[in-house]
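Participant: can't give you the sequence, but here's the structure:
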């Protein structure tokens, strides 16, 4: 997908409407049109990057400074008990728009969202193999 075809880039350019929460020179934040809770908000860097690891560290720092401020405002406004910060990277992870974005999902105790975390235990010896493979790529 090219930047010209990106729906989020079109929102940044003002070509597609969005219910804006916050905007400055670095980020655009707006309500998700398919929310999983009231106040479910997306935060995107205005520059186009598809995945988290492709975005320069300095820009990520600027984005996260704003995410903290926005998340706090959402939590207060929605009187939530907490919130999830999610970032889906790639189709297998559920990324539908190929522009880096972060979901802030306000939560209430007992809301039924994400009821089950699909965790498992590593087989004997596998945890070190996995850790070594990851460290090799840092």
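Facilitator: Perfect, I can see it now. Small disclaimer: the values here were computed from a predicted structure and weren't measured.
Participant: And the contacts of stretch 20-40?
Facilitator: 8, 11-12, 18-19, 41-46, 59, 62-63, 66, 69-70, 73-74, 77-78, 80, 103-108, 111, 113 (C-beta atoms under 8 Å, 6 or more residues apart in numbering). Where you see a C-beta, it was placed from the backbone N, CA and C, and this is true even at glycine.
Participant: quick one: terminal-to-terminal distance for that stretch?
Facilitator: Distance across stretch 20-40, first residue to last, is 12 Å (C-alpha to C-alpha, to the nearest Å).
Participant: related to what we said a few turns ago, what about the contacts of stretch 20-40, which are in helices?
Facilitator: Of the positions in the contacts of stretch 20-40, 8, 11-12, 59, 62-63, 66, 69-70, 73-74, 77 sit in helices, assigned by DSSP state H.
Participant: Kindly reformat those as TSV containing distance to residue 125 and pLDDT.
Facilitator: Compiled in TSV, the ones in helices among the contacts of stretch 20-40 are given as follows (distance: C-beta to C-beta, whole Å; pLDDT from 0 to 100):
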residue	distance to residue 125	pLDDT
8	43	98
11	48	97
12	47	98
59	39	98
62	41	98
63	38	98
66	42	98
69	44	97
70	43	98
73	46	98
74	43	98
77	48	98
